[in-house]
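Peer 1: Return atomic coordinates for the entry below.
(one chain, ligands or ions: 2)
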Amino acid sequence: EGRRLAKLANAPTRTRDGAEIALLANAETPADVAMARARGADGVGLYRTEFLFLRKRALPSEDEQFIAYRDLVLGMGGLPVTIRTLDLGADKADAAGLVLRGEDNPALGVRGVRLSLRYPAVFTTQIRAILRAACYGPMRVLVPMVTQPDELIAVRTLFKLARQELKRENIDLPEKLPLGAMIEVPAAAINVRALLEHSDFLAIGTNDLAQYVLAADRGNDALDNIYTPLQPALLRLLSHVISAGRRAKKPVSLCGEIAGDANFTALLLMLGLNEFSMHPSQILHVRDRLAALDRAHLRRHAAALLRAHTHEEVAAMLAAVAG
Ligand code: PEP
Ligand code: MG
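Peer 2: Ligands and ions are numbered 1, 2, ... in the order given. Modelled structure (predicted):
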């Protein structure tokens, strides 16, 4: 089994009926990057920058961040990388005193882009590091926890100001740097067309989207019967977001845990997803699963699946159409 999978490292990613699917890596460490390349990832779909900030006594400097981002780009050898701006707060708290303390409901509090916009100087340091690193290879920037368009507009303004600053300092700048929103807040998913107007691409974060749609803490095992990706309400939202991206001709990836779980590959194909981002250890498993699935056949059953009333019904339908 191991040897059979290993042979897939250099194979193209295709469904049985020949549909091309992009497999991206969620990668932070040099070991992740090495594994992503060894397994033939098409790029990095999610680079979580929090690790540079968490459990540190001081905030990381611009140069420290620049080196980390540049090494990521260089490590991927010309494949595109997606850097996510700081996503602190909630389950990722306690970064050099930056996180606002004393919130009654941190998961519903000042987290992700909300926090970054409260600390424009800290955010601008990260933005400058990203802009400098983007000269070393193809890069995109992903904004976490977006709820409404004004947040994306504010981020774009900060990027524009940082560009002007760097230009005055005679520092090289990338020509273009696509900016995208994470879709992980229910309002963002429902009102996705408004966010698409301000996004070059989207990345769906099902870990948080499921938590917020189901009002079920993503880390609470006692809620396993509620917190499942098979929930009809979640599936309808995913389908809505993926279709809206297709109509707007903008790429949509999915980078929550389910993208790397071969048990859900058929489900995501059914919903029309064609970019999966996962921990690099999962790439061969998902590539293997995709090769056994007929996308056209699955797509024909999507409408019926989206009419299911319960997650048990979804599970039964999936088993019937995808084995
Ligand atoms: C998500 O919410 O699905 C996601 C990919 O981001 P994180 O797990 O870092 O919150
Ligand atoms: Mg998230």
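
Peer 1: near ligand 1 at all, stretch 266-276?
Peer 2: No: Stretch 266-276 lies apart from ligand 1 when judged by Cβ under 6 Å from any ligand atom; the minimum separation is 11.9 Å. Placement of C-beta: from N, CA and C, glycine included.

Peer 1: interface residues of the protein facing ligand 2?
Peer 2: Taking Cβ under 5 Å from the ion, the part of the chain that reaches ligand 2 is made up of 184, 205, 208.

Peer 1: Give me the subset of those that lies in helices.
Peer 2: Among the residues of the chain next to ligand 2, the members falling in helices (DSSP state H) are residue 208.

Peer 1: now the residues of the chain next to ligand 2 as TSV including distance to residue 119, pLDDT and neighbour count?
Peer 2: Compiled in TSV, the residues of the chain next to ligand 2 are given as follows (distance: Cβ to Cβ, whole Å; pLDDT from 0 to 100; neighbours: other Cβ atoms under 10 Å):
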residue	distance to residue 119	pLDDT	neighbour count
184	21	98	26
205	22	98	26
208	21	97	24
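
Peer 1: Go back to the residues of the chain next to ligand 2 and keep what's next to ligand 1.
Peer 2: Checking those against ligand 1 (Cβ under 6 Å from any ligand atom), the matches are 184, 205, 208.

Peer 1: which residues touch the last one?
Peer 2: Residues touching residue 208, when contacts are defined by Cβ atoms under 8 Å, 6 or more residues apart in numbering, comprise 145, 184, 185, 218, 256.

Peer 1: Now with 6 Å, please.
Peer 2: Contact analysis of residue 208 by Cβ atoms under 6 Å, 6 or more residues apart in numbering lists residue 184.

Peer 1: Distance check, residue 196 against residue 244.
Peer 2: Separation of residue 196 from residue 244 (Cβ to Cβ, to the nearest Å): 6 Å.

Peer 1: ok, these two, which is more surrounded?
Peer 2: More crowded of residue 196 and residue 244, by other Cβ atoms under 10 Å: residue 196, with 23 against 19.

Peer 1: What confidence value was assigned to the closest residue to the more buried one other than its chain neighbours?
Peer 2: Distances taken as Cβ to Cβ, 6 or more residues apart in numbering place residue 248 nearest to residue 196, at 4.6 Å, with adjacent residues excluded. With respect to pLDDT, residue 248 scores 98.

Peer 1: Strands of the stretch 51-200 of the chain, residue ranges please.
Peer 2: Under the criterion DSSP state E, counting those that start in this stretch, the stretch 51-200 of the chain contains strands at 81-84, 139-143, 179-183.

Peer 1: hmm, the second one in reach of ligand 1?
Peer 2: No: using Cβ under 6 Å from any ligand atom, strand 139-143 stays clear of ligand 1, with a minimum separation of 9.5 Å.

Peer 1: Pull up the pairing partners for that strand, direction included.
Peer 2: strand 81-84 (parallel), strand 179-183 (parallel) (DSSP bridges).

Peer 1: Save the ones you listed as CSV, and put in mean neighbour count and mean pLDDT too.
Peer 2: Output for those, formatted as CSV (neighbours: other Cβ atoms under 10 Å; pLDDT from 0 to 100):
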stretch, mean neighbour count, mean pLDDT
strand 81-84, 25, 98
strand 179-183, 26, 98
